[in-house]
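> From the sequence below, what's the structure:
(2 chains)
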Protein chains: 2
Amino acid sequence: MANCLVAQSGGPTAVINASLAGVIRANQLNALYDKVYGGINGVEGVLEGKLYDLTDLPGAEIELLKQTPSSALGTCRYKLKRGNDADFERLSEVMEAHNIDTMFYIGGNDSMDTVDALSEWAANRGSHLRFIGIPKTVDNDLVPVDHCPGFPSAAKLACQITHATRLDYDAYTRPEVFVLETMGRDAGWLAASCCTTGDVDLLVLPEVDFDKEAFLTQVQKKMDESGECYIVVSEGAHYANGSYISAGESANDGFAHAVLGGAAQTLKSMIVDAGIAPRGVVQDLSRAARSSNFCQSLVDVTEAYELGLSAHMRSADPQFTGMVVGVRRGEAPDGGYNAEYFAGRASEFANYVRTFPAEWILPDYQGITEEALAYFRPLIAGEPKLLYANGMPATITPFNRR
Amino acid sequence: MANCLVAQSGGPTAVINASLAGVIRANQLNALYDKVYGGINGVEGVLEGKLYDLTDLPGAEIELLKQTPSSALGTCRYKLKRGNDADFERLSEVMEAHNIDTMFYIGGNDSMDTVDALSEWAANRGSHLRFIGIPKTVDNDLVPVDHCPGFPSAAKLACQITHATRLDYDAYTRPEVFVLETMGRDAGWLAASCCTTGDVDLLVLPEVDFDKEAFLTQVQKKMDESGECYIVVSEGAHYANGSYISAGESANDGFAHAVLGGAAQTLKSMIVDAGIAPRGVVQDLSRAARSSNFCQSLVDVTEAYELGLSAHMRSADPQFTGMVVGVRRGEAPDGGYNAEYFAGRASEFANYVRTFPAEWILPDYQGITEEALAYFRPLIAGEPKLLYANGMPATITPFNRR
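Residues are numbered from 1 along each chain as shown, chains lettered A, B, ... in the order given. All right, here's what the predicted structure looks like:
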């Protein structure tokens, strides 16, 4: 029997390790592969032959892995580029050297494009190597899934911090604005999810070109009405000409994406400068939002784990390559939420950005529609029973640090 | 029988409502007072006669109150100043008008000074009015207690975010620094608590005058050794001349304290400008740290509630005024942590700032001693069984918003 390889790529999430746990556990339940190797630090480490044998990871460690945030194998920003035959050859060499015929790649849009490119390349040269994708991204911007593992937990934390900071804000009588900033470069899913708790007065998304005058008019109106204005802004919010509203520095993350941040600070200054409120408080969720283990959504961690199982199980079919597993929204007999698992061509997942639907956005920064709320609610439902040690949710030592 | 009044002041915490719940519940268990009035928005609202009858708050609401973060009565930044007889007269009028003879005031240093000043004023004029303090502050800077309600939960959240963001940081191979900023104007308790998880490389406290050169030498050393440097900085960190290292704007919070923030950003820029790392990530805990309900410490919420009970119970003694209840650290038969409740003169609590002990600070920004870790560990222990609704810890509608 051949072996398999599983690696993680892109930004960590709260449940990306649950998908990893799913692949490892599935092979313990039905050993389609002799060994399950973990690729250290994504393709970057794999190209250097850095593998970690996960085959016999004890059940107790698998349980802790499911509740360990961030990427336990380590991640990378390095992109296997379409047409970069040298990298593809090198990857192929590493896989052959370890008798690996199947690679599971857990990642976002870019990684799903890598899965597509690699399987195409393998097909073109008649190689038996297979490449299978498992999606994750807190941005929730993948098609054709209902949502992406990692997003529900990020949304749950964002909702909890929104509600807690709103209560903190509400404790005061003095006039000030509150501005919460979330991740979300091109898609405002995470920012929009904050509206689920009913605490948000104004919402600024990347999907709507920012109109300073119109926005300040709404802030003034809220302050006049209630003396309060709680605002949520997505880091990627921008003007009609495409320039980001954030005043922050610009850097580059290796994927030729601008590094954002500072939109909340900019909005606060804008409001104070306009004389609408004498002061404001800024809260930037930043990294805390994407890989916390203390606010995992039970729906999310369950689905992430089961997608890992599903990818492994489907790979029993030797034709299963260039495919990605995903979740669609089905309906339970009682009308409630029910996850339906499917698999689709990686090309359908790769390089499309699913933005927050225009028809779900209320005009004048007033938040989101009832339909949008109905979309979010079941995703943040339920809490896993976390194992604690010393007052903290217990975690495992990441494999890239062993 | 007379009535009593309970009010909250200063910055909210994760458990300040548990102390409020304790006062309300104690009176349901033993009605020392006919009515328990809540003062809306601290003394500010009380002076305007804004009271809310809490006497018969149902048990189910009391349970939710214990897990509702922020100040459910609302708070204020208004300070009843020593010698401001007009305010004292007005307060006395409001209390007499509602047949209130005892006021419980839940707050920090400033509020404990208010309790002291009010009881002194009442004694001087032979008034029967009594003033009793219940401490809270996330800054943990009160004497003569072991620790302050609110701090353990803030520390627990800070530890959880430290660990989660450290795992996120560790997932990458690229050279960058991570800088986490916590609240802590004059005392570095909250920043120091982040070391409890073993994740912090360098710690910058207000207790040690900041030496840029010495600090950058340590950052360089960590980067050379491991390619990583995870830094925690307290917002109040400052140079020997007293100027804050934060580059942020300066405002005023009404208590003549500068409004801080931006220390982490400053350190990051310093490191990048020095060419030690090409980039850095900044995480500011900001408001999220102080009033989250999803990371309450069981020790904290229990003690905050019991301090509310204790203040009420001790007030059965008609001489009990100008006093503050608090917790000292005792030892359980098994050598473990055990809270001991006591009461002391408000003057002993007021206006002293207990900074983080110098003997607990390791040189060269290397963190804290084993003794300090032993202090923190029991405080973050245990998690209350939270009641959830719609995927969120359930909360009550604040009384100042009803």
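
> Near chain B, which residues of the stretch 51-200 of chain A are found?
Of all the residues in the stretch 51-200 of chain A, those in contact range of chain B (CB under 8 Å from any CB of the partner chain) are A:68-71, A:74-77, A:156, A:159-161, A:163-165, A:167-174, A:197. C-beta: built from backbone N, CA, C; applies to glycine.

> Pull out the buried members of the residues you listed.
Under a neighbour-count criterion of 16 or more other CB atoms under 10 Å in any protein chain shown, the subset of these counted as buried comprises A:68-71, A:74-77, A:156, A:159-161, A:163-165, A:167-173, A:197.

> Show me the strands in the stretch 301-402 of chain A, by range?
According to DSSP state E, counting those that start in this stretch, the stretch 301-402 of chain A carries its strands in the segments A:323-331, A:337-345, A:388-389, A:392-393.

> Contact partners for A:R345?
Contact analysis of A:R345 by CB atoms under 8 Å, 6 or more residues apart in numbering or on different chains lists A:116, A:322-324.

> what pLDDT does it get?
Model confidence at A:R345, given as pLDDT, is 97.

> cool, A:L51 as well?
The model reports A:L51 with a pLDDT of 98.

> so how far is A:E370 from A:W360?
If you measure A:W360 against A:E370 using CB to CB, to the nearest Å, the figure is 9 Å.

> So between these two, which is more surrounded?
Each of A:W360 and A:E370 has its neighbours counted (other CB atoms under 10 Å in any protein chain shown); A:W360 has more, 18 against 8.

> what helix or strand does A:Y172 sit in?
Assigned by DSSP states H and E, A:Y172 falls within no helix or strand.

> so what's it closest to, chain neighbours aside?
In this structure, A:Y172 finds its nearest non-sequential neighbour in B:T75, 6.3 Å apart by CB to CB, 6 or more residues apart in numbering or on different chains.

> still on that earlier bit, wait, which of the contacts of A:R345 is closest to chain B?
Among the contacts of A:R345, A:V324 lies closest to chain B (CB to the nearest CB), at 21.7 Å.

> which residues of the stretch 101-250 of chain A fall in strands?
Along the stretch 101-250 of chain A, counting by DSSP E, counting those that start in this stretch, strands occupy A:130-135, A:176-182, A:202-204, A:228-234.

> Please report the distance of whatever residue of the stretch 151-300 of chain A ends up closest to chain B from A:T197.
With CB to the nearest CB as the measure, the residue in the stretch 151-300 of chain A that lies nearest chain B is A:L167; the distance is 3.7 Å. For A:L167, the distance to A:T197 (CB to CB) stands at 10 Å.

> How far off centre is the helix or strand A:S269 falls within?
Remark: A:S269 resides in helix A:263-273, with elements defined by DSSP H and E. For helix A:263-273, the distance from its own C-alpha centre to the chain's C-alpha centre is 27 Å (CA atoms, centre = their mean, to the nearest Å).

> got it, and stretch A:317-331?
18 Å.

> What are the contacting residues of it?
With contacts defined as CB under 8 Å, 6+ apart, stretch A:317-331 is touched by A:102, A:112, A:115-116, A:119-120, A:122-123, A:129-135, A:142, A:144-147, A:149, A:303, A:307, A:310-311, A:314, A:337-349.

> Now it: average pLDDT?
With pLDDT averaged residue by residue, stretch A:317-331 scores 96.

> hang on, the earlier thing: which elements pack onto the helix holding A:S269?
strand A:176-182, helix A:212-226, strand A:228-234, strand A:280-284 (3 or more CB pairs under 8 Å, 6 or more residues apart in numbering or on different chains; DSSP states H and E).

> need those in TSV with mean neighbour count and mean pLDDT, can you?
Putting the helices and strands packed on helix A:263-273 into TSV (neighbours: other CB atoms under 10 Å in any protein chain shown; pLDDT from 0 to 100) gives the following:
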stretch	mean neighbour count	mean pLDDT
strand A:176-182	26	97
helix A:212-226	15	97
strand A:228-234	26	97
strand A:280-284	23	94
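
> how about those in CSV, adding distance to A:E89?
Formatted as CSV, these follow (distance: least, CB to CB, whole Å):
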stretch, distance to A:E89
strand A:176-182, 41
helix A:212-226, 52
strand A:228-234, 40
strand A:280-284, 43
